[in-house]
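A.B. asks: quick one: sequence plus predicted model below, questions after.
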Amino acid sequence: MNMKKTLTSVALAGILVLGGASVATAAEYPVDEPGVVVSDTTPAVGQPITITVTVPDGISDVTFSITGAPAGSTLASTVYAASNQVDLSVDKPVSDNTASAVFTPSAEGTFRVTVTAPGMDPQFIDIVVGAGSGNDDGNSDGSDDLATTGGDVPAGVIWAGIGALGLGGLAVGTAAIRRRANSSN
């Protein structure tokens, strides 16, 4: 009878340790999904930002476009000095499934960057140009992410801790079963 309880405890601990870890590692996500990113989504007026797009295989050139950009803004190295809003567009070659262009806004506003290519769905990202430094989130590193307030613990360490807890529970359960068996003799 006591052996049944011990084996049941061992089996339960094994399921918790091995079964739980396999579920956590089953999902893998593609790294290079098509999309547009910018070096800063809230730049200051006059601050150059890099716009980078990741494209599927087979795309050799992309077109970066900004409709209604303020006069005097630049996309890549072409300057438009018209007195009213302009449409900016530049073609860039793709290398290793990515292409980049540099946008330098000349006035405040929100601008939509569109990246197009034959055989690819259009990609979009909005850029909000303000009079500030482009770093209004309180981060000192200049990123647009939320400030880091906690630590990064690798998943393996978490699962090792869960396994240790399971094995510790097994040891405590086994000791209690032995104690009861010894006290009844």
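C.D. replies: On my side now, so go ahead.
A.B. asks: going forward, measure contacts and count neighbours with C-alpha atoms only.
C.D. replies: Will do.
A.B. asks: and the longest helix for this protein?
C.D. replies: Assignment by DSSP state H gives helix 155-184 as the longest helix of the chain.
A.B. asks: so which elements touch it?
C.D. replies: If you count contacts as 3 or more Cα pairs under 8 Å, 6 or more residues apart in numbering; DSSP states H and E, helix 155-184 packs onto helix 2-14.
A.B. asks: residues in contact with the helix it packs on?
C.D. replies: Outside helix 2-14, the residues that touch it by Cα atoms under 8 Å, 6 or more residues apart in numbering are 163, 166-167, 169-170, 173-174, 177, 181.
A.B. asks: run through this structure and note the low-pLDDT ranges.
C.D. replies: Across the chain, the ranges flagged by pLDDT under 70 are 1, 17-34, 70-73, 76-86, 131-151, 185.
A.B. asks: now the strands for it?
C.D. replies: Assigned by DSSP state E, the chain shows strands spanning 35-38, 49-54, 61-69, 74-75, 78-79, 86-93, 98-104, 109-117, 120-129.
A.B. asks: I'd like the ones you listed as a markdown table, with mean neighbour count and distance to residue 4 appended.
C.D. replies: Below are those laid out as a markdown table (neighbours: other Cα atoms under 10 Å; distance: least, Cα to Cα, whole Å):
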| stretch | mean neighbour count | distance to residue 4 |
| --- | --- | --- |
| strand 35-38 | 19 | 56 |
| strand 49-54 | 20 | 57 |
| strand 61-69 | 20 | 67 |
| strand 74-75 | 22 | 73 |
| strand 78-79 | 13 | 79 |
| strand 86-93 | 17 | 68 |
| strand 98-104 | 21 | 60 |
| strand 109-117 | 18 | 65 |
| strand 120-129 | 17 | 61 |
